[in-house]
Structure formats: C-alpha cells, structure tokens
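J.: next input, structure requested:
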Amino acid sequence: MATASLVPTSKIFSVSSKCSASIKARTGVVVASSQQQQQPRRRELLLKSAVAIPAILQLNEAPKSEAREVEVGSYLPPSPSDPSFVVFKAKPSDTPALRAGNVQPYQFVLPPNWKQLRIANILSGNYCQPKCAEPWIEVKFENEKQGKVQVVASPLIRLTNKPNATIEDIGEPEKVIASLGPFVTGNSYDSDELLKTSVEKIGDQTYYKYVLETPFALTGSHNLAKATAKGNTVVLFVVSATEKQWQSSQKTLEAILDSFQL
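T.: Numbering: from 1, shown residues only. Sure, this is the predicted structure:
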C-alpha cells in the first residue's frame, strides 16, 4: 500500500519565499547592469548634443570678424579735414595687442567704400599676447578697385635690444625696411625695390616713409609703407596696389599713407 508523506506548509512557503527573493535579486542585477550599460550611451548622446547645439547656433550667427565686412562708411565718421574720407581710430576692442597694451592706438583715413577684412587667428597675434616673438597683423582693409592697407606690429626686441627705443634709435630708414621688408611684400625684400625714403615728424613721434616698386610681391607691384616705434613695439603701416589699382588710385593711396599716425 502506497503511503503519502506530508510536507509542512511552512517549509513550502519558506522555499517559495527564497525562490521569489532569488528571482528578485537576479532581476535587480539585470536591471542595474542594463542601466549601467545605458549610462555611457546617455553621456555620449549628451556630449554630442552639447557640441552640436553651439555649432547649429553658429550657423545662424555671423562671426564677429565677418560682421565687420561691410563698407566702412556705414559705421566710421567722416574725416574733419576731408569729408570724402572716413577715419578709423583703433580701440582696445579691435585687436588682441591693443587690449594687451602692446600697441598704442593708431588712426588713418579710408575711402568710405572700403571694407575691413578678416584676419586669421594665427596671424593676429591673439595666441601670443602680450609677449609675441614675431610680427603680427593688427587690421586689414581693402577695396578691389583701389588696393589694400594693413597695420603690422613687430616686437621692438626683434630690431633692437634698447628698451623703449625710438625709430631713430633703431637705425636709418634703410636698416628698418631691410628688417621689415618681407612684411611689406608678403614674401621677400630686395633693396633694389626701394625707390624712395623720407622722414616725417608729427609731434614727438618720428615716422619713416617708403615708396617701393615690388614686381614679385604677393601684396602687389606697388607698396607704400610708414614705420614708427613706441613703447616695446614697431608699427608698420602698409598700402599696397596692383599696377591697375595704382594707375587709377595713386593719389588716394598716398593720402591714406600720409594720414597714418599713433
């Protein structure tokens, strides 16, 4: 005769409870593992979003340097001495060197239909202020029919070891242009390209002026330049033109050069 053994209900419930707890524990581990795997993905998505959003906004917002590429007559005041020109007066907000106090404010006139050009960051001196070892470009303006101008600044120590030297302390006009000539032409300088030099005094500031004919220059076949020194910087103002631009705008370009001063 078969016999049946009875198992106390307390043991059944005990086993059932243990199984349930085990299942819950395993489920919790799986969920936690799934959440841990999702966290890096979420971080990755958030990082991508953080990068993408500014990029999208920048597409709709013109860079500040490009925003200035409009005719200067729309935002610069007329010249008091000649209303056919406008006056550009450099301010600290215009360039890294002015903000750092490395260059003293300068000014010059321009025809109202010229435009300010963007300068690449590596050429602007932005990465090395206030102690740059090489020259940099401060500002640049252009008119396709007349020519272009730019202000180039060079550390004084590149030309002389004398602190706060004047342009006369550095040497004769020919010596100064021999050092700075490549920044006038955009490539190389040959002393045979120098047609004329002169010295100009405005207040306490002395300027060396140059007329160059540069057939192989990247900046143009005709270049005018004006150099002076103040503080720990030599400032070079360059006016450039092609043969065609020079033929039609020589007087205008000479007037622009003459107007430059610190």
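
J.: how deep is Ser74 tucked in, by neighbour count?
T.: 10 (other C-beta atoms under 10 Å). The C-beta positions use only the backbone N, C-alpha and C, and glycine is treated the same way.

J.: excluding chain neighbours, what is closest to Leu76?
T.: Val86 (3.9 Å; C-beta to C-beta, 6 or more residues apart in numbering).

J.: who touches the one you found in this structure?
T.: Val72, Gly73, Leu76, Pro77, Pro78, Ser79, Val109, Leu110, Pro111, Pro112 (C-beta atoms under 8 Å, 6 or more residues apart in numbering).

J.: just grab the bridge partners of it for me.
T.: Pro78, Leu110 (DSSP bridges).

J.: where do the strands sit along the protein?
T.: 86-89, 107-110, 115-116, 136-143, 147-155, 194-202, 205-213, 222-230, 233-241 (DSSP state E).

J.: now mean pLDDT and distance to Leu98 too, for the ones you listed, in a markdown table please.
T.: Below are these laid out as a markdown table (pLDDT from 0 to 100; distance: least, C-beta to C-beta, whole Å):
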| stretch | mean pLDDT | distance to Leu98 |
| --- | --- | --- |
| strand 86-89 | 98 | 11 |
| strand 107-110 | 99 | 12 |
| strand 115-116 | 98 | 15 |
| strand 136-143 | 97 | 8 |
| strand 147-155 | 97 | 10 |
| strand 194-202 | 97 | 20 |
| strand 205-213 | 98 | 17 |
| strand 222-230 | 98 | 13 |
| strand 233-241 | 98 | 11 |
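
J.: need those strands in JSON lines (columns: distance to Thr185).
T.: Shown next, in JSON lines, are the strands of the chain (distance: least, C-beta to C-beta, whole Å):
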{"stretch": "strand 86-89", "distance to Thr185": "23"}
{"stretch": "strand 107-110", "distance to Thr185": "20"}
{"stretch": "strand 115-116", "distance to Thr185": "22"}
{"stretch": "strand 136-143", "distance to Thr185": "14"}
{"stretch": "strand 147-155", "distance to Thr185": "11"}
{"stretch": "strand 194-202", "distance to Thr185": "11"}
{"stretch": "strand 205-213", "distance to Thr185": "8"}
{"stretch": "strand 222-230", "distance to Thr185": "7"}
{"stretch": "strand 233-241", "distance to Thr185": "9"}
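
J.: for Asn164, find the nearest of these.
T.: strand 222-230 (8.4 Å; C-beta to C-beta).

J.: against Ala120, how distant is Val103?
T.: Distance, Val103 to Ala120, using C-beta to C-beta, to the nearest Å: 18 Å.

J.: do the same with Tyr207
T.: On the measure of C-beta to C-beta, Tyr207 and Ala120 end up 28 Å apart.

J.: neighbour count winner among the two?
T.: More crowded of Tyr207 and Ala120, by other C-beta under 10 Å: Tyr207, with 22 against 9.

J.: would you confirm that the more buried one contacts Ala225?
T.: No. At 10.0 Å, Tyr207 does not count as touching Ala225 under the criterion of C-beta atoms under 8 Å.

J.: now do the domain split for this structure, please.
T.: 12-61, 64-259 (automatic domain parsing).

J.: lowest confidence element among the helices and strands of the protein?
T.: The helix or strand of the chain with the lowest confidence, counting by mean pLDDT, DSSP states H and E, is helix 64-67 at a mean of 40.

J.: contacting residues for Gln205?
T.: Thr228, Lys230, Gln261, Leu262.

J.: change it to 6 Å
T.: Taking C-beta atoms under 6 Å, 6 or more residues apart in numbering, we find Gln205 in contact with Thr228, Leu262.

J.: now do it against Val199, distance only.
T.: From Gln205 to Val199 the distance is 11 Å (C-beta to C-beta).

J.: same check, this time on Thr185
T.: 22 Å.

J.: equivalent analysis for Asn187, please.
T.: Following C-beta to C-beta, the distance that separates Asn187 from Val199 is 27 Å.
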